[in-house]
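Chemist: structure for the following, please:
(one chain, ligands or ions: 2)
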Amino acid sequence: MDTVCHDLRLLNADLHCHSTVSDGTLSPTVLAQRAKEHGVELWSLTDHDELGGQAEAEAAALALGMRYASGVEISVSWAGETLHIVGLRIDHRSAVLRAGLEAVRSGRARRARAIGDELAAAGIAGAFEGALGFVGNPDLVSRTHFARFLVDSGVCADVHAVFSNYLVFGKPGYVPMIWASLGDALGWIQDAGGIAVVAHPGRYRLSRLAMQEMLGEFKDLGGAAIEVVTGSHTPDQYREYAALALDYGFLASRGSDFHSPGESHIELGSLPALPDTLTPVWHNWF
Ligand SMILES: [Zn+2]
Ligand SMILES: [Zn+2]
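Modeler: Ligands and ions are numbered 1, 2, ... in the order given. Predicted structure coming up:
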């Protein structure tokens, strides 16, 4: 085996997590410290539709002796499903990327107000203001913040109960959202010089055929990688998406999708290594 490739595959890379700049509960600096404590060697902060934590995350990572890849997780609507596309090694000063994310965020604020109205109609008052209390900026309010409000106010026992009884299709507080198109998201990432990665593909409610269609379209648009080992996948799904990565010639990424010590079951830097049949997305970064 090529020892250089072998060592790179075993590098402790965690290329997906969230800070207080989107729906995480730790600041970029505290997350960087936590990543370092858990052995992360190559790190990326990938806040939802937001670049505001990048400068702080990079400075903290470098000060701690970690390698850093700037990142973002873009919300995309595709065939009625919300997909997440991670952009890695993006230039976070790109005007095109910044303008695109700004448009996505203003849609998020409109949706949050509508969720608040729906919950009020179901007898839960003050949800929009309550969710806003967890983040402070209407452009960044997400379902996660509504979930924290519903737990905090005693409506639900925990976040899991929220997503069984509220905010999802067929339940109070469900408001569909039109995010970016797949083509827009890939165009913004490419304009910023980055690499596009399908985040946690196992989480989407897509048939096998629709998944193949989506991955084909992603590849045609210049997409290069998929997450194989992620906090959202089971070990069976590691194998399933490793096979798809090979079928499509995609590079493979690894990331915990860590949000918060209380809510995340998967710790930063703690997932298994990528299967040895795959080429890591970071194979040519150093
Ligand atoms: Zn995601
Ligand atoms: Zn995420």
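Chemist: residue 120 contacts residue 130, correct?
Modeler: No: Residue 120 is not in contact with residue 130 according to CB atoms under 8 Å; the separation is 11.1 Å. Every residue, glycine included, has its C-beta placed from N, CA and C.
Chemist: which one's more surrounded, those two?
Modeler: Taking other CB atoms under 10 Å, residue 120 and residue 130 do not tie; residue 130 has more neighbours (20 against 15).
Chemist: just the element for the more buried one, please.
Modeler: Residue 130 is part of helix 127-132, with elements assigned from DSSP states H and E.
Chemist: in this protein, what residue lies closest to ligand 2?
Modeler: The nearest approach of the chain to ligand 2 comes at residue 257, 4.4 Å away (CB to the ion).
Chemist: pick out the residue nearest the middle of this protein.
Modeler: The centroid of the chain falls nearest to residue 73 when counting by CA atoms, centre = their mean (4.6 Å).
Chemist: quick one, phi psi at that one?
Modeler: Torsion angles at residue 73 (phi, psi; degrees, to the nearest 10) stand at phi -120, psi 110.
Chemist: check contacts around the residue of the chain closest to ligand 2.
Modeler: 16, 17, 18, 199, 200, 230, 231, 232, 264, 266 (CB atoms under 8 Å, 6 or more residues apart in numbering).
Chemist: quick one: neighbours of the third one, just the number.
Modeler: Right, residue 18. Applying other CB under 10 Å, I find that residue 18 has 27 neighbouring residues.
Chemist: can you report how many residues lie near the residue of the stretch 151-286 of the chain found nearest ligand 1?
Modeler: For the stretch 151-286 of the chain, the residue closest to ligand 1 is residue 199, as judged by CB to the ion, at 4.6 Å. By other CB under 10 Å, 23 other residues sit near residue 199.
Chemist: give the contact list for it.
Modeler: Neighbouring residues of residue 199 by CB under 8 Å, 6+ apart: 16, 46, 73, 83, 84, 85, 86, 227, 230, 255, 257.
Chemist: right, and the fourth one touches residue 76 too?
Modeler: Yes: counting by CB under 8 Å, residue 83 does reach residue 76; the two are 4.5 Å apart.
Chemist: what residues do those two have in common as contacts?
Modeler: Common neighbours of residue 83 and residue 76 (criterion: CB under 8 Å, 6+ apart): residue 182.
Chemist: state the distance from residue 135 to residue 239.
Modeler: Per CB to CB, to the nearest Å, residue 135 is found 37 Å from residue 239.
Chemist: which of these two has more neighbours?
Modeler: residue 135 (19 against 13).
Chemist: not counting its neighbours along the chain, what's nearest the more buried one?
Modeler: Excluding the flanking residues, the one nearest residue 135 by CB to CB, 6 or more residues apart in numbering is residue 145, at 5.2 Å.
Chemist: the one you found should be in a strand, yeah?
Modeler: No: Residue 145: not assigned to a strand; according to DSSP: H, G, I helix; E, B strand; the rest coil it is helix.
Chemist: list the contacts of it.
Modeler: 23, 112, 131, 132, 134, 135.
Chemist: which residues touch the closest residue to ligand 1 within the chain?
Modeler: Closest to ligand 1 within the chain is residue 84: 3.5 Å, counting by CB to the ion. Going by CB under 8 Å, 6+ apart, residue 84 touches 48, 73, 74, 75, 76, 198, 199, 200.
Chemist: just the pLDDT for the fifth one.
Modeler: Model confidence at residue 76, given as pLDDT, is 96.
Chemist: contacts only, for it.
Modeler: Under the criterion of CB under 8 Å, 6+ apart, the contact list for residue 76 reads 82, 83, 84, 85, 179, 180, 181, 182, 184, 185.
Chemist: need the per-residue pLDDT for residue 160.
Modeler: If you check residue 160, the pLDDT there is 94.
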